[in-house]
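In: Sequence and predicted structure below; questions after.
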Amino acid sequence: MTGSRYTRQQLFVLRNHIPIDRVIEALDIHNAIHDGQYRFNCHVCHKMNTGISRKSNLARCFDCEKGYNTIDLVKEVLGLHFLESVAYLEKIKEQMPAEINQKYPCEKMARQNEMVHIGDVFKSLISPSPDKVSSTRALRQESQAISDLRKRVGYLEISIKSLSEKIAFMERQ
Ligand SMILES: [Zn+2]
C-alpha cells in the first residue's frame, strides 16, 4: 500500500475529537474513578496508576511513563497496525455522530441537540445521592452505570439516525 488514504484533518479529528475515555471504554479496558480522577488499567504493567487529560485527549500510565493518543492506544491494546487502528477509530466515530458533529455545527444541529438531551436525561437519572459520594464502591458502580448508559444512548442515536434516513428515503418515493 502506498501512503495513507487518510488526510491530516481526518487523523486530527480521530486523535482529538473522540474522547480518550470513550476509546478506553470501547476497548473494554477496566476503568474507574479514584479520588475523583479517571483511571484505567494499563495494558503494559496492568496497574491503575494512570490518568487521562481531557484537554490534550491523552491517556497516560505514570508507572510506565508512557502517554497514548487515541491511535496509539488502539495500536497498543489490540496489537494493530496504524491504518487498522485508524479504521477502528473511524467506526467509533461513526457511532457517535451527535457528539462529534456538535463541534461541527451543520443544518442537522436541532435534531442532534435533541439526541444530546436524551443523554442528559439519562445522566440526571443517576446523579449521586449525598450519602453515596463517600463510598468508592458506589462511585465505581456509578461510573460503570454511566458507561453502560452511554453505550445504550450511542445505540439509540444510531437507531434514531437510521430511522430518520428511512423516513427521508420514503418521503423521496
Ligand atoms: Zn503501565
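Out: Noted; the coordinates are in hand. Numbering: from 1, shown residues only.
In: so for the helix or strand harbouring V74, what's the average pLDDT?
Out: Using DSSP states H and E, V74 sits within helix 70-78. Mean pLDDT, helix 70-78: 97.
In: One more: stretch 20-39?
Out: pLDDT averaged over stretch 20-39 gives 95.
In: Figure out the length between the terminal residues of it.
Out: Terminal residues of stretch 20-39 lie 12 Å apart, using CA to CA, to the nearest Å.
In: Can you confirm whether that stretch lies near the ion?
Out: No: figure legend: stretch 20-39 not in contact with the ion (CB under 5 Å from the ion); closest approach 11.3 Å. (Glycine included, C-beta is placed from N, CA and C.)
In: And the contacts of that stretch?
Out: Applying CB atoms under 8 Å, 6 or more residues apart in numbering, the contact partners of stretch 20-39 are 40-41, 43, 48-54, 57-59, 68-70, 73-74, 77-78, 89, 92, 96, 136, 139-140, 142-143, 147, 150-151.
In: continuing past the helix holding V74, what's the next helix or strand?
Out: Counting by DSSP H and E, the next helix or strand C-terminal to helix 70-78 is helix 82-94.
In: and the angle for that next one with helix 70-78?
Out: 110 degrees (axes from the mean of the first three to the mean of the last three CA atoms, to 10 degrees).
In: now for helix 82-94, which elements pack on it?
Out: On a contact count with 3 or more CB pairs under 8 Å, 6 or more residues apart in numbering; DSSP states H and E, helix 82-94 meets helix 8-16, helix 20-26, helix 70-78.
In: Give me the buried positions along it.
Out: Neighbour-count burial for helix 82-94 flags S85, V86, Y88, L89, I92, K93 (criterion: 16 or more other CB atoms under 10 Å).
In: What is the neighbour count of the closest residue to the fifth one other than its chain neighbours?
Out: Residue nearest to I92 in three dimensions, not counting chain neighbours: A26, with 5.2 Å by CB to CB, 6 or more residues apart in numbering. Residues within reach of A26, counting by other CB atoms under 10 Å, total 20.
In: same thing with S162?
Out: Per other CB under 10 Å, the neighbour tally for S162 reads 10.
In: Report the buried members of the contacts of stretch 20-39.
Out: The buried subset of those - by 16+ other CB under 10 Å - is 40, 43, 48, 50-52, 57-59, 68-70, 73-74, 77, 89, 92, 96, 139, 142-143, 150.
In: average pLDDT across the helix or strand I167 falls within?
Out: Using DSSP H and E, I167 sits within helix 136-172. Mean pLDDT, computed over helix 136-172, is 76.
In: quick one: that helix to helix 82-94, angle?
Out: Helix 136-172 runs at 80 degrees relative to helix 82-94, counting by the same axes, to 10 degrees.
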